[in-house]
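**Q** any chance you can model this:
(chains A and B)
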Amino acid sequence: MKAPLSPAQERLWLLQRLDPRDASYSMYLVRRLRGPLDSGALEGAFADVVARHESLRTRFEEEDGVPWAVAGPPGEAGSVPPVEWIHADDEEHARRIVAERVNAPFDLAEGVPLRIAVVAIGPLDHVLCVTMHHIIGDGWSLGILLDDLAECYTARLRGRAPNLAPLPVQPSDYARWQRRRAERAVPYWQERLADPPPPDLPFGLGGAPGGDGRAGYQVVRVGREVTDGLERLAREHKTTLFTVLMAAYQVLLHRHTGHDDVLVGTAVAGRDRVELEPMVGYLSQTVVLRGDLGGDPAFTELLRRIRQEALTALSRPSVPFERIPHPAEALMPTMFILHTEDAGPTRPFGDLSVSFFPDGFRQVKLGLSVEAWPDGGEIVVSFGHDGSSGSPHEAQAVRRLADRFLILLGSVAAEPHRRISELRVWTGDDEADIRDMAGDGAPEPESRTPTVPEMLAETIRRTPGAVAVICGEIEVTYGELDRRAARLAAALRARGVRPGDVVGVCLPRSAEAIVALLAVWRAGAAYLPFEPDEPEQRMAFSLADAGAAHVITTRALPAGLTAVDPPAGEHDEPGEYGEPGEYGEPGADAGPSPRPGDLAYVISTSGSTGRPKGVAVEHRAVAARVGWMRQEYGLAPGDRVVQFASLSFDTHVEEVFPTLAAGATLVLLPGGAATLPDLLAAPGGERITVLDLPTAYWHHLVEEIDQIAWPPALRLVVIGGDQASGGVVARWRGRFGDAVRLVNTYGPTEAAVIATAADLGGTPYGHARPPIGRPVGATTVHLLDPAGAPVPKGAIGELVIGGAGVARGYLRRPALTAAAFVPDPLGPPGARRYRTGDRARWTCDGELEFLGRFDGQLKVRGFRIEPGEVEARLLDHPGVGQAFVTVHAEELVAYVTGTATGEELAAHLARTLPRHLVPTAWVTLDALPLTSRGKVDRAALPAPVRASSAGHVPPSTDAELLVAGIWAELLGVSSVGANDDFFALGGHSLLATRIAARLRRAIGVEVPVRTIFERRTVAELAVAVEDLLVAELEGMSDEEAERLLSSAEP
Amino acid sequence: MTDSPMLVVVNDEEQYSVWWSDREPPAGWRPTGFSGTREECLDHIEKVWTDMRPLSARRDG
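**A** Got it, this is the predicted structure:
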């Protein structure tokens, strides 16, 4: 008998086709049977049960890409799978035998997906192990199977007929009925699950492909007292324990991700009619509850909301995942299921006593899947995880998560009227972690921490003859640097610069520019650096904003500003700034050294409003950073450090001052930053020891790794400014091994250059992002939840920086400053900390992972998109050097460098990303345009131009004609072009199976369904088909090939 | 965080910021007496914080 599948069965059938090795949809019944076992009666009982339940005789046949359920007649010879009788050496051996069987996948094409084994541990000690694919039976079915088996076994032993009422309904009837019901539910789910939130899970679970052997379960128990409290809460609010636990689980997720919109799947038995109760079959339904946790409600209020949601959602048939244009992982990133208490068989099993036996099941369907069941007045909660966080410590992380859930449940039971932000979640270990990971914000006592000018004075005194700066052919010693800075400082004072003033510096890359920075400090002022070609209007605005009247420059300035010429060199005519000897010898008239609280520099940054804002940084902040860098980077005389960053960018601080404070040599790039490869290749380049590069630029260099004359002396590369790519790090390590240290840094200008750093060592990052590390010296980092409380490992929060590096604020922007620089309750009295607006998470290892901006999310045609995710996947492709993803005219656009074509990359992304994250417009560039700060220059990106091939190109080759013909028929489209996209034409996963079937029928070649998802255009799929044909032909005799080719005529 | 009532607070360096009105300000910070929405507090700070130098820098400078 042939019958259609229920929609839920169709989905499982398709999932199994997509991944035939997946055993996560196996259902199993494992019981220990102690006592005398009559093998004949047991085999007979199985035959009875199989004859009774149509499901247990059902195999799945595919016709024209459509699956059909085919049930053999009851009692047919060979319809019962053979019972496998196995002898185990001992209990441990029996466990292994059972685990092998429950973890083995089913091939749905092979026959009835049912396996029966009996493992003998001793003559009176057996383990029954029945395994079936979920497509023929759900959890409820296992209970029926055990009961019916017990009754049939007992009946056979006693020589009577089994006492079982006839079944009113069979699965084939149910499937037809369910198909009609499910169709009516589609609009509900399409509306309810529209625009799902990003599928964030704690600890980055679900972030990478799972199932690499790190899957497992973490099991905890809710004690009796808390269980009683939760049940009481349910009663008081006229709801169920399930609703209370579901609400708590949504709070757990919310507290880890900050999302107010939370999607959690669950399973319902789907046996709400009495005639469905005694049937073995797949009746359970997968539904999704969408929790609204907005507005920080009290838990009791949330309970009311979830109860309402549950009333609506739980009565529906399964979510039709294939009919909603979002990937299933977005619609249901996680599940929570409450099972009923397992009381064992309700009927006697002959003279056998029945108990549980460990099943050893290791398969997990989702990144995180939680099941709970009452057990003797307590609740057992099992957190299943599939290895998809990419962390080797995933099991520990999930264990911690389970512990947090216990704390949360205790808090819910004790204080259900609290707001969800106030419920306790974090463990004592979490609190300790937060303190340990935060870093030490206490600077060295200021009396012992010299300011940078004091550090420089010390170097000058110690090694006046050493070379401080190299600029092309010019070498400037420390002594000369000092004398020139003194003269320029004197000139500044002569022009009216006073301590506390701000002085502009607008000079080309030159020794004069370095002299100018030192001279401004020497005059007791702070410098405000500009690009040499800074637009005049912008420069004027920033100077006025800073109240600066003087600029050290050779440029002409607008009225009202005083230009101060830099001294060109030691051999200039004396008297340029007045009479010879007026300013005396170096240091003779130097003003008092700057105090820690004085302003050191102002960096102009672009504001979201479009108006630049000046970040004012004090000497104490610069001193803390420079001291840390000098020590951490191990700088010493003999080091040669390239000055790559533009002075207008605060990264210059990291290059210039630690180098000079250490008595090392700063090597300038007078031809501009882009000439770095030339500098490295020129004589002297081989002596460079340290490079400090914007991450985006470093990616660019590593793309050409074999074309760059990497200096043999190179020992340290510092990167920062963008998310580092794991793939590029791997390539770097492949070339340099451990010979060159690679430090990834992170930090906003508002926290003085950098706030965190990570050594990117030999650990391969795979799908995980290289971390941004831990707080640097005299710095604290906390990740804050929306209520302003710090979060521990695995949770996402806003990165907030405290300690010595915190800037004074934004010049003349009181409200902006007050909003971004906020009281630091964890610092010394009166301290402030800076809110970055960056999302981050502590990894299991206590390192920070940067997750983008709170406001960086893109939206295309209603889909929420994190561009960083798409970029990371693009960078995984060997043919991609750099990648940048943005939105243009309602279209997701990818800008890439490298050899890969857009078509190849779309196919590549389709392997790891949901459809809506695959860009639809592709622009290949020679290099990504970078701003002067080494970030991608969005404004300079060309608008995507539709290639002419996007128009209708008629299919031309035989294979294209064949593919286009099949598509046209199955998609109901009149004319299909060679470049048309399967999904753009309205294709979906079930149709893909049918296409594979048609192709197989037409040409006798097996085209994997996966290929149809990956090769989305007619032309791509046609090439794949041709390749498969060729491969097939190579293994054939000429005659066979002739026959095949003649049959391939479309 | 944005809709809860906030206070304008100030530290010993006369630097201004905002804090939740239902929480005790951290050590070293005191309320100025102004409260309102976050936006109202920031607008108020924009008016009253006229010299943004820390008090110690003003005294010594």
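
**Q** and the nearest residue to residue A:209 once chain neighbours are set aside, which of the three is it?
**A** Sequence neighbours aside, residue A:388 is the residue nearest to residue A:209 in space, at 6.4 Å (criterion: C-beta to C-beta, 6 or more residues apart in numbering or on different chains). Placement of C-beta: from N, CA and C, glycine included. Here residue A:388 is coil, with the state taken from DSSP: H, G, I helix; E, B strand; the rest coil.

**Q** ok, now residue A:630?
**A** Here residue A:630 is recorded as helix under three-state DSSP.

**Q** spatially nearest residue to it (excluding sequence neighbours)?
**A** residue A:658 (4.2 Å).

**Q** before we move on, back to that, what is the neighbour count of the residue nearest to residue A:209?
**A** Residue A:388 has 26 neighbours, counted by other C-beta atoms under 10 Å in any protein chain shown.

**Q** sorry, back to before: hmm, who's touching the helix or strand hosting the residue nearest to residue A:630?
**A** Assigned by DSSP states H and E, residue A:658 belongs to helix A:651-661. For helix A:651-661, the external contacting residues (C-beta atoms under 8 Å, 6 or more residues apart in numbering or on different chains) are A:452, A:455-456, A:458-459, A:468, A:478, A:481, A:514, A:517, A:529, A:601, A:622, A:625-627, A:629-630, A:633, A:635, A:639, A:641-646, A:665-666, A:690, A:692, A:694, A:718, A:720-721, A:745, A:752-754, A:933.

**Q** please name the nearest non-neighbouring residue to residue A:338.
**A** Nearest residue to residue A:338, sequence neighbours excluded (C-beta to C-beta, 6+ apart): residue A:242, at 4.4 Å.

**Q** also residue A:827?
**A** Excluding its sequence neighbours, the residue lying closest to residue A:827 (C-beta to C-beta, 6+ apart) is residue A:802, at 4.9 Å.

**Q** contacts only, for that neighbour.
**A** A:441, A:779, A:780, A:781, A:782, A:824, A:826, A:827, A:831, A:832, A:833, A:834.

**Q** go again using 7 Å as the cut-off
**A** For residue A:802, the contacting residues are A:441, A:780, A:824, A:826, A:827, A:831, A:833, by C-beta atoms under 7 Å, 6 or more residues apart in numbering or on different chains.

**Q** and if you look at residue A:137?
**A** Contacts for residue A:137 (C-beta under 7 Å, 6+ apart) come out as A:27, A:55, A:280, A:281, A:282.

**Q** circling back: the helix holding residue A:658: how far from the chain's middle?
**A** Put simply, helix A:651-661 sits 34 Å off its chain's centre (C-alpha atoms, centre = their mean, to the nearest Å).

**Q** tell me what the helix or strand following it is packed against?
**A** Using DSSP H and E, the helix or strand that directly follows helix A:651-661 along the chain is strand A:665-668. Packed against strand A:665-668, as judged by 3 or more C-beta pairs under 7 Å, 6 or more residues apart in numbering or on different chains; DSSP states H and E, are the following elements: strand A:467-471, strand A:640-643, helix A:651-661.

**Q** just checking, next helix/strand downstream of strand A:665-668?
**A** Next element after strand A:665-668 (DSSP H and E): helix A:676-681.

**Q** residue in the stretch 951-1050 of chain A nearest to chain B?
**A** Nearest residue of the stretch 951-1050 of chain A to chain B (C-beta to the nearest C-beta) works out as residue A:983 at 39.3 Å.

**Q** in chain B, which residue sits nearest chain A?
**A** residue B:28 (2.9 Å).

**Q** so what's the residue count around that residue?
**A** 19.

**Q** list buried residues within the contacts of helix A:651-661.
**A** Taking 16 or more other C-beta atoms under 10 Å in any protein chain shown as the criterion, what is buried in these is A:452, A:455-456, A:459, A:468, A:478, A:481, A:514, A:517, A:529, A:601, A:622, A:625-627, A:629-630, A:633, A:635, A:639, A:641-646, A:665-666, A:690, A:692, A:694, A:718, A:720-721, A:745, A:752-754, A:933.

**Q** which of those fall within strands?
**A** When the buried ones among the contacts of helix A:651-661 are checked against strands (DSSP state E), the matches are A:468, A:529, A:601, A:641-643, A:665-666, A:690, A:692, A:694, A:718, A:720, A:745.

**Q** now, which of those sits nearest chain B?
**A** Nearest to chain B out of those is residue A:601 (C-beta to the nearest C-beta; 14.9 Å).

**Q** surely that closest one touches residue A:527?
**A** Yes - if you go by C-beta atoms under 7 Å, residue A:601 and residue A:527 touch, sitting 5.0 Å apart.

**Q** which residue is the nearest non-sequential neighbour of residue A:880?
**A** Ranked by C-beta to C-beta, 6+ apart and with sequence neighbours excluded, the top spatial neighbour of residue A:880 is residue A:898, at 4.5 Å.

**Q** longest strand anywhere in the chain?
**A** If you meant another chain, say so; for now it's chain A. Longest strand in chain A, counting by DSSP E: strand A:832-842.

**Q** can you look at chain B instead?
**A** Using DSSP E, we find that the single longest strand of chain B is strand B:29-36.

**Q** I am finished for the moment; much appreciated.
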